[in-house]
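Asks: mind folding the following:
(2 chains)
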Amino acid sequence: MLDDSDRRLLRQLQADPTQPVAQLAEAARLPLATCYRRLERLQSTGVLRGQSHAIHWPALGYTVEVSLRITLDKTDPRAFDAFLAAARGVPEVTEIQTFLGRVDVRLAVIARSMPHYQEIYRDRILTLPHIADIEALMQVAKIKDQPTLPL
Amino acid sequence: MTDLDATDHALLRLLQTDATLPASELGRRVGLSQPAAWRRVRRLADAGVLGRRRLHLDLEKLGFGVTVFLGVKLATKGRVSLEDFERAVSAIPEVQTVEHVLGLYDYRLRVVARDLSDFERVLRRRIMTLPGAGEVEANVLLSEERRPGPLL
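Replies: Numbering: from 1, shown residues only, chains lettered A, B, ... in the order given. This is a model prediction of the structure:
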């Protein structure tokens, strides 16, 4: 189980995952050796699963991002699996999420321009199997993007 | 920055899965010396291609069992109300992302909660009471995968 020191450590780490352990220990008010030990334990118990870099696609010319909210034709029991497998084959799809709710699946799709988006939408998205309904939300701005947990 | 070659793409693919790989290891995997790999990563970072580092935590082990995506429509519009709404919604700790969108909804929010009753508390006490908040649609996240995107 996690105690307050673990939570403090994770809060500090979330705020800046790149900081050296010495700085982290000081911020979390823990002795350095304890900090190392706790980090190791958080890793070995699978709480801390690693770090990755997000790619900032606009810097590579992909300035359009659209959320496609898709309802599937669920009369076919293989609809979900077939749809997801095909969606994984579209390179411009950066995120795939499945839901319990009015929407079954959401795809995040990026494109270089609106004509490029239209091309992807027509040739690669509308041809995906088992789509019953599709709705698009076009991203205007990201106001907050902090995938941190309120620990 | 669009003049990336196949080696840059290979580096991006590696960093997308593990941001902690040292330049020596990155170099070894893409066939570059350690300094050459370091220079390339530095160039990608300077050009703003490498976005923020994401810490991967096991949400369930930390007691956050539910992630919900909310579509929110504003009841009243106008510049002032947008700003008020954005400021207030961004201040809620359980709200991880806020996107301004065009379409059926005005905003898309990602919300984490301990369980469904905790989510209900956040929704009723914090989201529904936001200035200008109108219709809200909730979809509970079942699974999520991030794809590498259009890399070579």
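
Asks: what sits against the residue in chain A sticking out farthest from the centre?
Replies: Centroid-distance maximum for chain A: residue A:31 at 33.5 Å, with CA atoms, centre = their mean. Residue A:31 makes contact with residue A:25, according to CB atoms under 8 Å, 6 or more residues apart in numbering or on different chains. For every residue, glycine as well, the C-beta is placed using N, CA and C.

Asks: and if we set it to 10 Å?
Replies: A:25, A:37 (CB atoms under 10 Å, 6 or more residues apart in numbering or on different chains).

Asks: what separates it from residue A:37, distance-wise?
Replies: Taking CB to CB, to the nearest Å as the measure, residue A:31 and residue A:37 are separated by 9 Å.

Asks: any residue of the lowest-mean-pLDDT helix or strand in chain B touching chain A?
Replies: Within chain B, no helix or strand scores below helix B:79-90, which has a mean of 86 by mean pLDDT, DSSP states H and E. Yes - figure legend: helix B:79-90 in contact with chain A (CB under 10 Å from any CB of the partner chain); contacting residues B:82, B:85, B:86, B:87, B:89, B:90.

Asks: what about the strands in the chain?
Replies: No chain in the question, so chain A it is. A:48-55, A:64-72, A:93-100, A:105-111, A:131-145 (DSSP state E).

Asks: think we crossed wires, I meant chain B
Replies: Counting by DSSP E, the strands of chain B are B:50-57, B:66-74, B:95-102, B:107-113, B:133-146.

Asks: in JSON lines: the residues of helix B:79-90 next to chain A, plus distance to residue A:151.
Replies: Compiled in JSON lines, these are given as follows (distance: CB to CB, whole Å):
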{"residue": "B:82", "distance to residue A:151": "30"}
{"residue": "B:85", "distance to residue A:151": "26"}
{"residue": "B:86", "distance to residue A:151": "24"}
{"residue": "B:87", "distance to residue A:151": "23"}
{"residue": "B:89", "distance to residue A:151": "20"}
{"residue": "B:90", "distance to residue A:151": "18"}
